[in-house]
Each structure stands twice: as structure tokens, then as C-alpha cells.
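K.L.:
After the sequence you'll find the predicted model.
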Amino acid sequence: MAMSSLPTRGGLRPMTEVALSLQDIASCVAGYDPDALPVAQAQEFIARLVPVVQAVEQRPIRDALGRVLARDIISAFDVPAHDNSAMDGYALRGSELRADAPTRLRIVGSGLAGQNFSGDVPAGGCVRITTGAVMPPGLDTVVPQEFTQGEGDQVLVPQGLLRTGDNRRLAGEDLARGEAALAAGRVLRPADLGLLASLGLAEVPVRRRLRVAFFSTGDELRSIGEPLDAGCVYDSNRYTLWGMLQRLGVEAIDLGVVRDDPAALRQAFTQAAACADAVITSGGVSVGEADHTKRIMAELGEVLFWKIAMRPGRPMAIGRIGDAGRQALLFGLPGNPVAVMVTFYAFVRDALLRMAGATAQPLPLLRAASVAPIRKKAGRTEYQRGIVSRAADGSWQVAITGSQGSGILRSMSQANGMVLLHHEQGNVAAGELVDVLPFDAWL
Ligand code: AMP
Ligand code: MG
């Protein structure tokens, strides 16, 4: 890809006014040990590292789905603007309802949604009304049609059925004028688009989309369409990464497979840092790695190499690359296909959301009973692929998908969730409750 065709960055600022050095950040994280880093400490480190996109653009509300709201949205008027009926029926005065016998009321007119009844309603009168129609002046209660008996221009309302104010929606009960309808940092969902529309807003300010460049490293990797030479594998990481980035709503820039060659790596990292806010690579960060990836990363930026107390996904590089004015965050993920997905979930997802300006929301976890014992070593976080289902009594249960090797991508594809075995946790007994992250929440 030619450099000139790539979008330029800009508008990315550190959370604090001055970007802290990686060493400064490390000194803020209690228990920081790059060679045996607990997952929680790695997450804390990354949260302190990430800058936030500042650039804001106005988008039509439909285009804003999945985007990050840049400012609070304050309601300029009451929604609904008037008291109105929640039912099809008759609007009446609650004070005129009899407690001892049915109340007989005379129908003096009708008010339809969009066509108000604006006349006076005399004592003993009621107005035929449809859902959403404005309550006629002085009337405060609605009797649903199906509870009434009609007799010519009169209607009978049974006793004991209603209290004053029933089936009436109050002005401003959805949103009161001056109230914050949506807070900045929200990732806009379908209900939010409806809420914005109910405020009459055609456009909203959103932060510009985060740009994330990614590439795979390793001489054994081949791209789809190339012959698979002996000892080679097709590059799958660029596809799982692409999928996860799409789900996050960022702009994903695929820079292909990069050979294990210093010039090619230097070129790829430089190009990535110039066009993206964050760069994700896979492979080449393992301890025994003989290739050039780690060296070039360190040469082009400020990068730390971690050994994380987790499984899968022990090695990882983190830092900034690029020149002073144009730095991109670097996530150097391990190469194993499952490790890529797990480290993306554990570290990259939240970091990218924060960078995009989103208010980080923890993903919901299920508590499910493990159908079999699970071996687990205390002192590291394990992410095991699991299949969650309903037990006969309706409770959740989870079974591990056989072999948990970090290269076995099929286990990830078979699974519908990940069992999160926490740092301190030891072996799990059959029937014991464990935390499960359902894939639907993020994958
Ligand atoms: P590495 O972290 O580079 O030592 O890679 C660990 C393992 O993951 C090796 O078996 C690699 O062949 C494999 N691997 C690395 N990158 C990819 C990729 N992009 N797609 C599929 N497998 C990969
Ligand atoms: Mg490798």
C-alpha cells in the first residue's frame, strides 16, 4: 500500500497532558514485574498508557451506530412534550369515578394521536382517545376500551378498576428538558439512535474512528492464494484480528504478512505507525524467538517485552512506535492463533475502546457449573475454551472443549464462551461454579 493513499492520523492525545514514559507508568503499577506480570497489572499498565482520540465529527444519526459519542446530549424539550394516553380508551377525570358503582360518562368528542381534542369537557364527560393522543385539558385518567361498556353516546366504567392518573404518560417522563439524554463516551446502540431521533436530532458529534493497522510476522506464514510450501501454514491471525476489530467498530488497516527481514519489518512498522493510532502484530515476541521482530520494535520505539502470568498468551510486547510527533500504540501479540484472540480480549479490546474515547464497560460474565474437574495452576490467569449450555434444571453449565493447546483454533471456533480462571484460583471441582465470558458479548 502506498503511503500517500493512507489516511493521516492526528487528534490523538495522551490521557494526561504530558505523555508518561513507559518506566514512569511501570513505577505507578504496584507489583509490576515484566517477567511475571499478572493480568490485572498488565491491564492497569495499559489503561495508563493509552491516549484518547480528540478529533470530533458530526454524523447523521444512522451512521453513528457503534460510534463513540463525543459530547453529552442534553434534551432541549420534554419527551413526550405533553401528557398523553398510554391506551386506546376514554380519557376522564379520576375525581369523578365512583367507588361504589359503575360510573356513567358521556362521550363529548375524540382525540386521536396527532389530532388533539381541544374543547372543554363538561362535568360527567369523557373523550374517546387513542394511544399517544394528548390528554384533553382537565382530564387525567384513561380507562382502556376493553374494560368499558358502550351505550350510545355513553360509556360505563366499572368501579374499583382505576386510580387517578392511570394509563396516562406524563410530559417529560422519558426525558425532561435540560436532562442529559446520553453521556459522552457512550458507544451508540440502536435504542440510543431512537432516543436521539425522539429529540429531533439529525446529527450527533462522535469521535473519529480509531485506525488500527495490523500485520502478521513469521517466515512460515503464507497468505491465502499462495501455495503452501512444506513447513508453512496459512496466516489465520489477520482474519481473526480483522473480525475482532470489525466488531469493535474501528477502522482496520491490513498490512499483510511481513517477512522476517529487518528492512521489511522496519518498513512495515514505520508505515503502520504513520497511518494508524494503534498497531497490532502477531508473532515474533516469544522468549526463544530468533527472528528480528523484537529488535526492530525496540529500535523504532519505546517497547517493553512482557511475560504475562496467563495461559495462553504469555509473551507480549507493548509500547509506542513511530517518531515523536506521530506515535502509535504497539500491541505485539504472540503468534499462536488462540493466544492472539485471548490477548486481544484481555488487553487490546479495552485499550482500543478507551483510545476511541469510549467509557469502558466490563463485559458481562455468566456463572456456570463446570461439568468436569478442570486442572488449573494458581498464580496465573487461564482462559479455557468452553461450551456453555442449559442444564436440565435450567441453570448454566460449561464443558471445556477438549485440548486447550494455544495453536488449536478449532477449539475457539467450537466454543461459545471462554472460562475465565482467575489468578489466585486453583483446580476446579466438577459442579463448581466458574466465570464464563460468552462470546456473543464480544466475538
Ligand atoms: P511465534 O509467536 O511467532 O513464535 O508463533 C507461535 C506459533 O504460532 C507458531 O507455530 C507459528 O507458526 C504460529 N503463528 C504465528 N503467526 C501466525 C499466523 N499469523 N497465523 C497462523 N499461525 C501463526
Ligand atoms: Mg514466529
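P.N.:
On my side now, so go ahead. Ligands and ions are numbered 1, 2, ... in the order given.
K.L.:
List the residues that contact the residue of the stretch 251-400 of the chain found nearest ligand 1.
P.N.:
Sorted by distance to ligand 1 under Cβ to the nearest ligand atom, the residues of the stretch 251-400 of the chain start with residue 335, at 2.5 Å. For glycine as for every other residue, the C-beta is placed from the backbone atoms N, C-alpha and C. For residue 335, the contact set (Cβ atoms under 8 Å, 6 or more residues apart in numbering) comprises 216-218, 237, 282-286.
K.L.:
can you pull out the strands in the stretch 101-250 of the chain?
P.N.:
103-111, 125-129, 141-144, 149-151, 154-157, 168-169, 180-182, 203-207, 211-217, 221-222, 233-234 (DSSP state E, counting those that start in this stretch).
K.L.:
Figure out which of the ones you listed is closest to residue 305.
P.N.:
Across the strands of the stretch 101-250 of the chain, residue 305 has its closest neighbour in strand 211-217 (14.4 Å, Cβ to Cβ).
K.L.:
returning to that earlier point: assign the residue of the stretch 251-400 of the chain closest to ligand 1 to helix, strand or coil.
P.N.:
The assignment at residue 335 comes out as coil when based on DSSP: H, G, I helix; E, B strand; the rest coil.
K.L.:
Setting aside sequence neighbours, what's the nearest residue to residue 198?
P.N.:
residue 79 (5.2 Å; Cβ to Cβ, 6 or more residues apart in numbering).
K.L.:
Just list whatever residues bridge to the one you found.
P.N.:
In this entry, residue 79 is beta-bridged to residue 175, by DSSP bridges.
K.L.:
That one against residue 174, yeah?
P.N.:
Yes - with contact defined as Cβ atoms under 8 Å, residue 79 reaches residue 174; the gap is 4.4 Å.
K.L.:
In a helix, residue 410, correct?
P.N.:
Yes - secondary structure of residue 410 (three-state DSSP): part of a helix.
K.L.:
Quick check: which ranges of the stretch 1-150 of the chain have low pLDDT?
P.N.:
For the stretch 1-150 of the chain, applying pLDDT under 70 flags the ranges 1-11, 14-18.
K.L.:
Tell me where it has helices.
P.N.:
Along the stretch 1-150 of the chain, counting by DSSP state H, counting those that start in this stretch, helices occupy 22-28, 39-49.
K.L.:
returning to that earlier point: can you add mean neighbour count and distance to ligand 2 and give the strands of the stretch 101-250 of the chain back as TSV?
P.N.:
As requested, the strands of the stretch 101-250 of the chain are exported to TSV (neighbours: other Cβ atoms under 10 Å; distance: least, Cβ to the ion, whole Å):
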stretch	mean neighbour count	distance to ligand 2
strand 103-111	18	73
strand 125-129	24	71
strand 141-144	24	69
strand 149-151	11	80
strand 154-157	18	78
strand 168-169	19	62
strand 180-182	17	45
strand 203-207	20	35
strand 211-217	25	6
strand 221-222	19	8
strand 233-234	13	11
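K.L.:
Make JSON lines from those strands and add distance to residue 35 to it.
P.N.:
JSON lines is the format used below for the strands of the stretch 101-250 of the chain (distance: least, Cβ to Cβ, whole Å):
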{"stretch": "strand 103-111", "distance to residue 35": "74"}
{"stretch": "strand 125-129", "distance to residue 35": "72"}
{"stretch": "strand 141-144", "distance to residue 35": "69"}
{"stretch": "strand 149-151", "distance to residue 35": "82"}
{"stretch": "strand 154-157", "distance to residue 35": "78"}
{"stretch": "strand 168-169", "distance to residue 35": "61"}
{"stretch": "strand 180-182", "distance to residue 35": "44"}
{"stretch": "strand 203-207", "distance to residue 35": "36"}
{"stretch": "strand 211-217", "distance to residue 35": "22"}
{"stretch": "strand 221-222", "distance to residue 35": "28"}
{"stretch": "strand 233-234", "distance to residue 35": "29"}
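K.L.:
Identify the spatial nearest neighbour of residue 375, chain neighbours not counted.
P.N.:
Nearest to residue 375 is residue 427, by Cβ to Cβ, 6+ apart, at 5.8 Å.
K.L.:
Contact partners for that neighbour?
P.N.:
Residues near residue 427 by Cβ under 8 Å, 6+ apart: 373-376.
K.L.:
at 10 Å instead, please
P.N.:
Contact analysis of residue 427 by Cβ atoms under 10 Å, 6 or more residues apart in numbering lists 373-378, 421.
K.L.:
Quick check: it vs residue 398, distance?
P.N.:
From residue 427 across to residue 398, the span is 16 Å (Cβ to Cβ, to the nearest Å).
K.L.:
looking at the helices of the stretch 1-150 of the chain, which is buried most?
P.N.:
Comparing the helices of the stretch 1-150 of the chain by mean neighbour count (mean count of other Cβ atoms under 10 Å), helix 39-49 comes out on top with a mean of 19.
K.L.:
which other helices and strands contact that one?
P.N.:
On a contact count with 3 or more Cβ pairs under 10 Å, 6 or more residues apart in numbering; DSSP states H and E, helix 39-49 meets helix 22-28, strand 37-38, strand 301-311, strand 315-321, strand 328-333, helix 349-355, strand 381-390.
K.L.:
let's go with 6 Å and repeat that
P.N.:
Helix 39-49 sits against helix 22-28, with contacts defined as 3 or more Cβ pairs under 6 Å, 6 or more residues apart in numbering; DSSP states H and E.
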